[in-house]
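Based on what follows, work out the 3D shape:
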Amino acid sequence: MRVLGISGSLRRGSFNAALLRVAAERLPAGAELALFDRLREVPPYDEDVDVAREPAAVHELREAVREADAVLIATPEYNSSIPGQLKNALDWVSRPAGRSALRGKPVAVIGASTGMFGAVWAQAELRKVLAAMGGRVIEAELPIAHANELLRGDRLELPPQQAEQLEEILAELVAAAETEAEATAPIAA
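Numbering: from 1, shown residues only. The predicted structure follows:
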């Protein structure tokens, strides 16, 4: 079971990348997290460019989404919404219209921020966008507030209640991916 992890932050010391590292450690047995780390290289969406020549980072992102059994996005919150680079990358994934690489794929959203709300608005906005793209959105959130106080090395040290919430979201995501795999598996003759 392959879960694609995408951090909505471009920062080297991203709290959301640190949150994905914690998620990788807490996935159910048999699941692994593959991190897409080329978000910075995805150019602004331009249909003319998309039709003429798919940029390499865009091709890699679309393929990573297609090949994953599920997607986990960890996002910060910018101006009470989704970071522009993350939204832009998802616009690429959603194209061509009607053939989104995310169509039917289980996806969950979590988030960390230095503020007191833990990117809760960005998570809500992102779930809306992912549903519009055809993703099977897990309707759960994990707002990690004051993430700067939880950082230990390159990962976040979550309090027990939040660690448990994360494990529940991951279990639901993987279960949805397993159900999807069973539903689309070819029937043996």
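
And the longest helix along the chain, what's buried?
If you go by DSSP state H, the chain has its longest helix at helix 160-184. Under the neighbour-count criterion of 16 or more other C-beta atoms under 10 Å, helix 160-184 has 162-163, 165-166, 169-170, 172-174, 176-178, 180 buried. The C-beta positions use only the backbone N, C-alpha and C, and glycine is treated the same way.

need those in a markdown table with pLDDT and distance to residue 101, can you?
Output for those, formatted as a markdown table (pLDDT from 0 to 100; distance: C-beta to C-beta, whole Å):
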| residue | pLDDT | distance to residue 101 |
| --- | --- | --- |
| 162 | 97 | 30 |
| 163 | 97 | 31 |
| 165 | 97 | 28 |
| 166 | 98 | 25 |
| 169 | 98 | 22 |
| 170 | 98 | 21 |
| 172 | 98 | 21 |
| 173 | 98 | 17 |
| 174 | 98 | 19 |
| 176 | 97 | 17 |
| 177 | 97 | 15 |
| 178 | 95 | 20 |
| 180 | 89 | 14 |
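
Who are the contact partners of the spatially most central residue of the chain?
For the chain, the residue nearest the mean C-alpha position is residue 73 (1.8 Å; C-alpha atoms, centre = their mean). Shown in contact with residue 73 (C-beta atoms under 8 Å, 6 or more residues apart in numbering): 5, 6, 7, 8, 86, 107, 108, 109, 110, 126, 130.
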